[in-house]
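A.B. asks: Fold the following, please.
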Amino acid sequence: MNKKIMIIAGEASGDLHGSSLIDELLKIDPALEISGIGGDRMIKSGLKKLHHISEMSFLGFFEIIKHLPFIKKVKNDLITHVKNENIKTVVLIDYPGFNLSIAKSFNQLGIKNIYYISPQIWAWGKGRISKIKNLISRMIVFFPFEKVMYDENQIHSDFVGHPLVSKIDNYNFLTKDELVKKYNLENQKEFLVILPGSRKQEISEFFNDLILGAEKIADEFNFQIVVACADNIEENYIRNFSTVKNFKVIKNDTYSLLKNSAFAIVKSGTSTLETAIIGTPFIVVYKTNFLTYLIGKALIKIKNIALVNIVAEKTIVKELIQNDVNPENIFNSIKIILNDKEILNKLKNDLSEIKRKLNTQGNPSKKAAEIIYSELNAF
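C.D. replies: The predicted structure follows:
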């Protein structure tokens, strides 16, 4: 068996999933030699670093053009390394712009390309499916509908479940009493949590609408408002965009806040999946600058933008997009749900179905590692 593997990640999320994958691979066989591109987590897990993901963070078309000579150098370094080390298996983690390009070079060298975490071609870029079919030996995916899509295109794929399910199932949640004591919250009131996201530009676009809508709900249902703030956002930044003052800003306890909340307002993104898996009823909001919205709308070919609705394959959670994100719509959308137990219970049941869909029992990283290790046996 050839025990050498190259793994290539290009972003922080890839580094996170890549580190868990390396941990599980080395549990199966400590003699494996793993090299490639990763971040601090992957390096700590045992990756022999050829380049760090911090060198690969190009945002936007012009940034990529500017760095083309460096990107070419990185590709040459990787190709030289697989040749010198006689590596026969490469694992590509998401990061499709770079990874699908280097996959072509590896394919020409007779190297097996395994893709871990599918590019979101179901939302945009379906033209890439033929490229994937030609270059990728096996897809390992997080969403069940991705496996259906690849099966329909005769691409060998495996659905291993979503790591968020096991992460949240094993999470040590604080109780409401513990949260109240830790953050000086009001014990007699239920929480209304806002997750505004981690991008400053988006927060500046819509935070005041969110907080004004939340204030109306809090007044109507006697809730207290808590903003679950991302690590990279300062409290003062959020408050600068708010005409409302009566709310708490809390970092690093988002899961516990969601677990103990009556309702949530969640910016579109991975947080919608986390909120669904925890089981807290919520609505989704998203607003960006008009030009970005128009470009995105032209590219994205699916009805819903919220991951939770995409997984459900129908609209189970209300989405408010662009100009629909305003205090009146937020208030009315939440009030309809909270005033009707039948609607509220249906929403909770639909969210539990999301968790069931994403769960395959067991550790997704371990399953992926077992699949990759089985491919090594082919050599």
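
A.B. asks: Quick one: the helices in the stretch 251-379 of the chain, in order.
C.D. replies: For the stretch 251-379 of the chain, the helices identified by DSSP state H, counting those that start in this stretch occupy 254-259, 270-278, 290-299, 307-312, 327-338, 341-358, 364-376, in order along the chain.

A.B. asks: Mean pLDDT lowest where, among those?
C.D. replies: Of all those, mean pLDDT reaches its minimum on helix 290-299 (a mean of 66).

A.B. asks: Residue 350 contacts residue 316, correct?
C.D. replies: Yes: Residue 350 lies in contact with residue 316 (CB atoms under 8 Å); the separation is 4.0 Å. All C-beta spots, glycine's among them, are computed from the backbone N, C-alpha and C.

A.B. asks: re the thing from before, residue 136 is nearest to which of the helices of the stretch 251-379 of the chain?
C.D. replies: Ranking the helices of the stretch 251-379 of the chain by distance to residue 136, with CB to CB as the measure, places helix 364-376 first at 11.9 Å.

A.B. asks: Which elements pack onto the closest one?
C.D. replies: If contacts are counted by 3 or more CB pairs under 8 Å, 6 or more residues apart in numbering; DSSP states H and E, helix 364-376 sits against helix 12-28, strand 89-93, strand 112-116, strand 138-141, strand 157-159, helix 163-169.

A.B. asks: the inter-axis angle of that helix versus helix 341-358?
C.D. replies: Inter-element angle recorded for helix 364-376 and helix 341-358: 30 degrees (by axes from the mean of the first three to the mean of the last three CA atoms, to 10 degrees).

A.B. asks: contact partners of helix 364-376?
C.D. replies: Among residues not part of helix 364-376, those counted as contacts by CB atoms under 8 Å, 6 or more residues apart in numbering are 1-3, 5, 17, 20-21, 23-25, 27-29, 89, 91, 112, 114, 116, 137-138, 140, 142, 158, 160-163, 166, 360.

A.B. asks: that older thread, right, so the helices and strands packed on helix 364-376: which one is the most enclosed?
C.D. replies: The highest mean neighbour count among these belongs to strand 89-93 (a mean of 26), with neighbours defined as mean count of other CB atoms under 10 Å.

A.B. asks: how distant is the helix or strand following that one from the center of its chain?
C.D. replies: From strand 89-93 onward toward the C-terminus, using DSSP states H and E, the following helix or strand is helix 96-108. Averaged C-alpha coordinates place helix 96-108 at 23 Å from its chain's average position (CA atoms, centre = their mean, to the nearest Å).

A.B. asks: What of stretch 223-235?
C.D. replies: Averaged C-alpha coordinates place stretch 223-235 at 19 Å from its chain's average position (CA atoms, centre = their mean).

A.B. asks: Compute the first-to-last residue distance for it.
C.D. replies: Start-to-end span of stretch 223-235 (CA to CA, to the nearest Å) is 21 Å.

A.B. asks: Would you mark the buried spots in it?
C.D. replies: Applying a neighbour-count criterion of 16 or more other CB atoms under 10 Å, the buried positions in stretch 223-235 are 223, 224, 225, 226, 227, 228, 229, 230, 233.

A.B. asks: what comes into contact with that stretch?
C.D. replies: Outside of stretch 223-235, the residues that reach it under the criterion CB under 8 Å, 6+ apart are 183, 185-186, 189-198, 200, 203, 211, 214-215, 217-218, 238, 244, 246-254, 257-258, 261-263.

A.B. asks: rerun at 6 Å
C.D. replies: 186, 189-195, 198, 214, 218, 247-251, 254, 257 (CB atoms under 6 Å, 6 or more residues apart in numbering).

A.B. asks: again, but for stretch 16-23
C.D. replies: 7, 9, 34, 38, 41-42, 45-47, 93, 365, 368-369.

A.B. asks: quick revisit: for ChimeraX, write the select line for the buried members of the contacts of stretch 223-235.
C.D. replies: The command below creates a ChimeraX selection of those among the contacts of stretch 223-235 that count as buried (16+ other CB under 10 Å):
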select :191,192,193,194,195,214,218,247,248,249,250,254,257
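
A.B. asks: Quick check, pLDDT for residue 127.
C.D. replies: At residue 127 the predicted local distance difference test score is 71.

A.B. asks: measure it to residue 107 for me?
C.D. replies: To residue 107, residue 127 is 18 Å away according to CB to CB, to the nearest Å.

A.B. asks: Skip the chain neighbours and tell me the closest residue to residue 338.
C.D. replies: Take residue 338 and drop its neighbours on the chain: the residue closest to it by CB to CB, 6 or more residues apart in numbering is residue 221, 6.1 Å away.
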